[in-house]
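# pasted the sequence and its predicted model underneath.
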Amino acid sequence: MVIEDDAVFKALADVSRRKLLDHLRRKNGQTLGELCEQHNMSRQAVTKHLALLETANLVVTVWRGREKLHYLNPVPINEIYTRWIGKFEQGRLRALHNLKQALQENVDE
Amino acid sequence: MNSTEFVYTTYIKTTPEKVWAAITNPEFSRQYWTSGIGSDWKKGSKWQQVSSGVPPTVMVSGEILESSPPKRLVMTWADPANTSDISEPSRVTFEIETIDDMVRLNVIHGNLKTGSIMAGRISMGWPRVLSSMKSFLETGAALNTWAGVDTCTPVATEPL
């Protein structure tokens, strides 16, 4: 089996799925029930989104006893990142990102 | 302890034996990682990752808890310079499984203190290590993704 880039971009091209990834980033290893509680979506909708994220290898599941836990797997995103960003650009890009974050925080205050 | 766990997965077009060798042979790991990791990989043995430089520094070390080549490797993981790491080391499990014509490599890093320096380091590190290992095994060339990374400076290292 090959994880296609298309699957990754398709999975990321949806606000609900990106929010699911955000929630996993905040707290890794959640059950379906926990993820449903945080979303105004039916259990079926969350299940469907998670299946797409799993197909793209952006979410990985591990069984702990009777619980199926969902984890954010950023490895495919790292592969996209390394495809277009050279090693010498990383430092400058991070500096720009930090500057942008700092400026936006000032606006929020 | 309020602990957290990360699971990283990559699919690699190769064999389980080659993935096992990539993890356990420092000649290989030094090519796709920051530096080689060495051990005799037997249960109860120590392992360590040593940076080059004068003097060489042990960056991470631990003990092998389980070793079933080429399928499963479990080890403790700690920064020897960090005393709380040493008293409560985290734990890394490598699971290697054939799926169709590929190998799925799972890295489960658990028992990490939430918000600890090590939790930050590894969440930056593992995606890079796995992408680089995948490229190394599939193309023979690792990804040089380490330049400019705060926590890990690229170093040319000698195998242990």
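Right, received. Where do you want to start? Because the structure is predicted, anything quoted here is derived from the model rather than measured. Residues are numbered from 1 along each chain as shown, chains lettered A, B, ... in the order given.

# could you look up the SS state of B:R128?
Assigned by DSSP: H, G, I helix; E, B strand; the rest coil, the conformation of B:R128 is helix.

# doesn't A:V75 make contact with it?
No. Using CB atoms under 8 Å, B:R128 is not in contact with A:V75; the gap is 9.1 Å. Every C-beta, even on glycine, is put in place using the N, C-alpha and C of the backbone.

# now do the shared contacts for those two.
Common neighbours of B:R128 and A:V75 (criterion: CB atoms under 8 Å, 6 or more residues apart in numbering or on different chains): none identified.

# and the longest helix along chain A, is it in reach of chain B?
Ranked by number of residues, the top helix in chain A under DSSP state H is helix A:90-108. Yes. Against chain B, helix A:90-108 shows contacts by CB under 8 Å from any CB of the partner chain at A:90-91, A:94.

# could you export the helix or strand bottoming out on mean pLDDT in chain B as PDB, CA atoms only?
Within chain B, confidence by mean pLDDT, DSSP states H and E is lowest for helix B:83-87 among all helices and strands, at a mean of 83. The C-alpha atoms that make up helix B:83-87 are tabulated as PDB, following Å, rounded to 0.1, in the frame of the first residue of the first chain:
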ATOM      1  CA  THR B  83      17.900  14.000  36.700                       C
ATOM      2  CA  SER B  84      14.100  13.800  36.600                       C
ATOM      3  CA  ASP B  85      14.500  12.000  33.200                       C
ATOM      4  CA  ILE B  86      16.800   9.500  34.800                       C
ATOM      5  CA  SER B  87      14.500   8.800  37.800                       C
END
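
# now that helix: buried residues?
Using 16 or more other CB atoms under 10 Å in any protein chain shown as the test for burial, helix B:83-87 gives B:D85.

# give the next helix or strand downstream of that helix.
strand B:90-99 (DSSP states H and E).

# list the buried ones in that following strand?
Quick answer for strand B:90-99 (16+ other CB under 10 Å): B:90-96.

# what of stretch A:92-109?
Buried residues in stretch A:92-109 (16+ other CB under 10 Å): none.

# what ranges does chain B have for its helices?
Under DSSP H, chain B gives helices at B:16-24, B:26-32, B:83-87, B:117-139.

# right, and these - which one's nearest A:V62?
helix B:117-139 (15.0 Å; CB to CB).
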